[in-house]
Structure formats: C-alpha cells, structure tokens
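In: Could you work out the structure for the sequence below:
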Amino acid sequence: MNPENYVPTEYLPLFIMLVLATLFAIGGLLLGAFIRPRFYYPEKLEPYECGNEPSGLPWQKIAIRYIPIAILFVVFDVEIAFLYLLGVSFSSISPLALGGAIFFIFLIILGFFYDLKKGYLEWTRF
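Out: Presented below is the predicted three-dimensional model:
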C-alpha cells in the first residue's frame, strides 16, 4: 500500500454521522425559528413560578436553601457508587487500592465534618 494514496475509509461512517447530526441540529433550530408564534401577550411575559401566581419583583433574591444539600447528596451518592464497586471486588483488591479507598473515605468524612462546622447542613442558615 502506497502511503501517499492512502485514504482512511474506516472513519467515513463516523464522518457521515457527524455531518448528519450537525444538519439535524441546525435544521431543528431553523425549523423552530420559522414555525414558532411571533406574538407575545402579557401572560406570556410574566415570570413562571411552577404554576403559582408570580409574587414579588423579578430581581428579588430568592432563598437557595436546597443547593448545598443537593451538592452534598451528589457527593455522597458518588461515594456510595464507589464503595459499592469496592465491595463487589473486595476479594481481589490490592493493598494499594484498599489504601486509596480508605484515603477516599477519610476525605469524604473530613468534608462532612467541615460542612457540619460551617453549618451547611442547617436548613435555616440560608
């Protein structure tokens, strides 16, 4: 095989898929721009508050009490997934991997106590 005349055809399906995905995305955006309604009425311009009547001004600060709890949930959810995999493969785990797992658990516990000290788990703090 001559390197000057080599054409990598194994990537052709990938390239076709990339072109089709791009055309599909751009086509959907253009089609939506052409067929969407262009008139606005007062109810449509009001801020949406999950089915409730809007209260207060749009630039008012809102309480974000759930965000630290949600972040902690994600952190501990990832920890549980890691520990599940550790438990499944515990019989064939190396001492280095076990040390890494213990260090990981130590960091999570350290972060938990830091959050307790800072008051991130107190609902009325925010």
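In: Give me the distance between the most centrally placed residue in the chain and Phe104.
Out: Using C-alpha atoms, centre = their mean, the residue of the chain that lies closest to the mean C-alpha position is Val74, 9.9 Å off. Computed as C-beta to C-beta, to the nearest Å, the Val74 to Phe104 distance reads 16 Å. All C-beta atoms are positioned from the backbone trio N, CA, C, and that covers glycine.
In: Give me the distance between the lowest-mean-pLDDT helix or strand in the chain and the centre of its chain.
Out: Within the chain, no helix or strand scores below helix 42-45, which has a mean of 76 by mean pLDDT, DSSP states H and E. Counting by C-alpha atoms, centre = their mean, to the nearest Å, helix 42-45 is centred 31 Å from the centre of its parent chain.
In: Repeat that for stretch 12-31.
Out: Computed by C-alpha atoms, centre = their mean, the chain-centroid distance of stretch 12-31 equals 24 Å.
In: Just the CA atoms of that stretch, as PDB, please.
Out: Coordinates of each C-alpha in stretch 12-31 appear next as PDB, following Å, rounded to 0.1, in the frame of the first residue of the first chain:
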ATOM      1  CA  LEU A  12     -16.200   7.500   6.800                       C
ATOM      2  CA  PRO A  13     -19.300   6.300   8.800                       C
ATOM      3  CA  LEU A  14     -18.200   8.500  11.700                       C
ATOM      4  CA  PHE A  15     -17.800  11.500   9.500                       C
ATOM      5  CA  ILE A  16     -21.300  10.900   7.900                       C
ATOM      6  CA  MET A  17     -22.800  10.600  11.300                       C
ATOM      7  CA  LEU A  18     -21.200  13.800  12.400                       C
ATOM      8  CA  VAL A  19     -22.500  15.700   9.400                       C
ATOM      9  CA  LEU A  20     -26.000  14.300   9.800                       C
ATOM     10  CA  ALA A  21     -26.100  15.100  13.500                       C
ATOM     11  CA  THR A  22     -25.000  18.700  12.700                       C
ATOM     12  CA  LEU A  23     -27.500  19.100   9.900                       C
ATOM     13  CA  PHE A  24     -30.300  17.700  12.200                       C
ATOM     14  CA  ALA A  25     -29.400  20.100  15.000                       C
ATOM     15  CA  ILE A  26     -29.200  23.200  12.700                       C
ATOM     16  CA  GLY A  27     -32.300  22.100  10.800                       C
ATOM     17  CA  GLY A  28     -34.300  21.800  14.000                       C
ATOM     18  CA  LEU A  29     -33.200  25.200  15.200                       C
ATOM     19  CA  LEU A  30     -34.100  26.800  11.800                       C
ATOM     20  CA  LEU A  31     -37.400  25.000  11.600                       C
END
